[in-house]
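Asks: all I have is the shape, not the residue letters:
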């Protein structure tokens, strides 16, 4: 009769591992889309933009320069809604990973179990951060 809690624990770990894998694979797809859109809007290389955004340091630097300092050269076209969503997705993965490293013990299983809920909260926060200032008071998208 002791196998019931073990079965529930195993299914919870399996679900968390599957969700974590989906989140990370989705992040690769989102980064690819974001790099293509960013490179085409700035007449740059998609490969170099992807490699820059793929590194944690490059992503943090990009967010700092573009969204905090507003010190990036102007784009040839404004970011559309889909690009803002994939930007928020990638930022949420990075934020969830960083917060998980600080609030969980250094155990890979615990970090795997906490990543999906941290990602959900981080996505809301990062989406609000990315879309802040992208629409003016009259409902028009700013460049």
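Replies: Cool, got the structure. The structure displayed is predicted, hence computed values, not measured ones. Numbering: from 1, shown residues only.

Asks: buried stuff in stretch 91-98?
Replies: Across stretch 91-98, burial judged by 16 or more other Cβ atoms under 10 Å covers 91-97. For glycine as for every other residue, the C-beta is placed from the backbone atoms N, C-alpha and C.

Asks: give me the spatial nearest neighbour of residue 85, chain neighbours excluded.
Replies: Distances taken as Cβ to Cβ, 6 or more residues apart in numbering place residue 127 nearest to residue 85, at 7.2 Å, with adjacent residues excluded.

Asks: any idea which element the one you found lies in?
Replies: Assigned by DSSP states H and E, residue 127 belongs to helix 108-131.

Asks: tally of neighbours for the closest residue in space to residue 110 that isn't next to it in sequence?
Replies: Residue nearest to residue 110 in three dimensions, not counting chain neighbours: residue 104, with 4.8 Å by Cβ to Cβ, 6+ apart. By other Cβ atoms under 10 Å, the residues close to residue 104 number 17.

Asks: what of residue 120?
Replies: Using other Cβ under 10 Å, residue 120 has 13 neighbouring residues.

Asks: quick check: pLDDT value at it.
Replies: For residue 120, the model assigns a pLDDT of 95.

Asks: check the one 4 residues further on too.
Replies: In this model, residue 124 is scored at 94, pLDDT.

Asks: what's the average pLDDT for stretch 38-53?
Replies: 82.

Asks: residues near residue 106, how many?
Replies: Residue 106 is flanked by 7 other residues according to other Cβ under 10 Å.

Asks: where in the chain is pLDDT low?
Replies: Applying pLDDT under 70 to the chain flags the ranges 1-8, 70-75, 133-143.

Asks: give me that answer again for 50
Replies: Residue ranges of the chain with pLDDT under 50: 1, 135-143.

Asks: which residue would you name as the spatial centre of it?
Replies: In the chain, the residue lying closest to the centroid (Cα atoms, centre = their mean) is residue 90, at 1.9 Å.

Asks: residues near the residue nearest to residue 85, how many?
Replies: By other Cβ under 10 Å, neighbour count at residue 127 equals 17.

Asks: that one reaches residue 90, doesn't it?
Replies: No - shown here, residue 127 and residue 90 do not form a contact pair, counting by Cβ atoms under 8 Å, at 11.3 Å.
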